[in-house]
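Chemist: I need the structure of the sequence given here:
(one chain, ligands or ions: 2)
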Amino acid sequence: MTKELFQPLSGNAMPRFGGPATFMRLPACDLDAGLDVAFIGVPFDIGTSNRPGARLAPRQMRDESRMLRPYNMATRAAPFDCLRIADAGDVAINTFNLAKSIDIIERHYDRVLASGATPLTMGGDHTIVLPILRALHRRHGPVGLVHVDAHADINDEMFGEKIAHGTPFRRAVEEGLLDCKRVVQIGLRGTGYAADDFDWSRQQGFRVVQAEECWYRSLAPLMQEVAAQLGAGPVYISFDIDGLDPAFAPGTGTVEIGGLTVPQGLEIIRGCRGLDIVGGDLVEVSPPYDVTGNTALLGANLLFEMLCVLPGVKAR
Ligand code: MN
Ligand code: MN
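Modeler: Ligands and ions are numbered 1, 2, ... in the order given. Predicted structure coming up:
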């Protein structure tokens, strides 16, 4: 028996400003619904160091996803013709307690992965990638990583704390969650606490592509090299919206100038096609600083692009 596939509610069946406020106006499903892909919100921003607001991003990205239609006109990807995809709701974090929230997220993703679904996550600040990677490690072992960000997020601590939105990849390395030779960080830039801040990443074996190496050029050739480096093993995509330039994505908490363009962001994700993508996230959108909604719109589109490169999605 073939399983029922879900389609986003069409703008010809219900005005786009009406209908369910789910991601892409998909059905809202529980984790026992036999999903291939689950869109999940993590309304968490108590790990952020500057401007807050990412707790509001899952709702805002759902709202701004209302214009997304089912087919990718550039790549011809047809995810909804191939996979059972729905909005699996939000993680019920404890907004008064960071440590408890991290545990809650980790246990939630254990359940997501046990259900067989590939998680695509609407953050939330970047702290949330740590519990997601812990759950992924239990299922897949160490994963490769495509990390887009203005920041390396490898601080040993922030204000004396080991878990915050600037530390997750340091903790992930310490805990053995990453296959360090299969990690690439793209878009890093700005000012540092020390001139060699990014060298810690390089010392772990990560490929670091600073923003200046990306200026004025297509990233398609870079992604061919990345795909060769990451090979056949499991890969996670973690996309911090501040990797893109604040001209395109001003609605975020820790803004750095001189960032990637929107087409470069698309090239990075589209360049992941063919890899064994086991999940992805779009983090650090902050709706209070997103007065036009364009940052959340961009985030929603980038999540759709991640959906389009998942294993099992065919092009028409
Ligand atoms: Mn980050
Ligand atoms: Mn960042």
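Chemist: Near ligand 1, which residues of the stretch 101-250 of the chain are found?
Modeler: For the stretch 101-250 of the chain, the contact set with ligand 1 under C-beta under 5 Å from the ion comprises His126, Asp149, Asp153, Asp240. (Glycine included, C-beta is placed from N, CA and C.)
Chemist: redo that, cut-off 6 Å
Modeler: His126, Asp149, His151, Asp153, Asp240 (C-beta under 6 Å from the ion).
Chemist: Neighbour-wise, which one of the residues you listed leads?
Modeler: Tallying neighbours with other C-beta atoms under 10 Å puts His126 at the head of those, with 31 neighbours.
Chemist: Tell me if I'm right that that residue and Asp153 touch.
Modeler: Yes: at 5.7 Å, His126 counts as touching Asp153 under the criterion of C-beta atoms under 8 Å.
Chemist: got any residues that touch both of these two?
Modeler: Common contacts of His126 and Asp153 (C-beta atoms under 8 Å, 6 or more residues apart in numbering): His165, Gly166, Pro168, Asp240.
Chemist: Next, give phi and psi for the closest residue to the last one other than its chain neighbours.
Modeler: To tie it back to what came earlier, the one meant is Asp240. Using C-beta to C-beta, 6 or more residues apart in numbering and skipping the chain neighbours, the partner closest in space to Asp240 is Asp149 (3.9 Å). Backbone geometry at Asp149, expressed as degrees, to the nearest 10, gives phi -170, psi 150.
Chemist: Show me where the protein dips below the pLDDT cut-off.
Modeler: Along the chain, segments meeting pLDDT under 70 span 1.
Chemist: all strands for it, in order.
Modeler: Along the chain, the segments classed as strands by DSSP state E run 37-42, 85-90, 118-123, 143-148, 178-188, 207-210, 234-240, 276-283.
Chemist: Go through the chain and flag its longest helix.
Modeler: Longest helix in the chain, counting residues (DSSP state H): helix 98-114.
Chemist: tell me the angle it makes with strand 85-90.
Modeler: 160 degrees (axes from the mean of the first three to the mean of the last three C-alpha atoms, to 10 degrees).
Chemist: I'd say the residue nearest to Asp240 and Leu244 touch.
Modeler: No: counting by C-beta under 8 Å, Asp149 stays clear of Leu244, with 9.9 Å between them.
Chemist: Tell me how far the spatially closest residue to Arg207 that is not a sequence neighbour lies from Ala150.
Modeler: In space, and not counting its chain neighbours, Arg207 is closest to Val184: 4.4 Å by C-beta to C-beta, 6+ apart. Val184 sits 15 Å away from Ala150, taking C-beta to C-beta, to the nearest Å as the criterion.
Chemist: Looking at the two, which has the bigger crowd around it?
Modeler: Shown here are Val184 and Ala150; by other C-beta under 10 Å, Ala150 has more neighbours (26 against 22).
Chemist: I'd say that one and Arg189 touch.
Modeler: Yes: when contacts are counted by C-beta under 8 Å, Ala150 is listed as touching Arg189 (5.5 Å).
Chemist: which residues are common contacts for these two?
Modeler: Shared contacts of Ala150 and Arg189 (C-beta under 8 Å, 6+ apart): Ala211, Glu256, Gly259.
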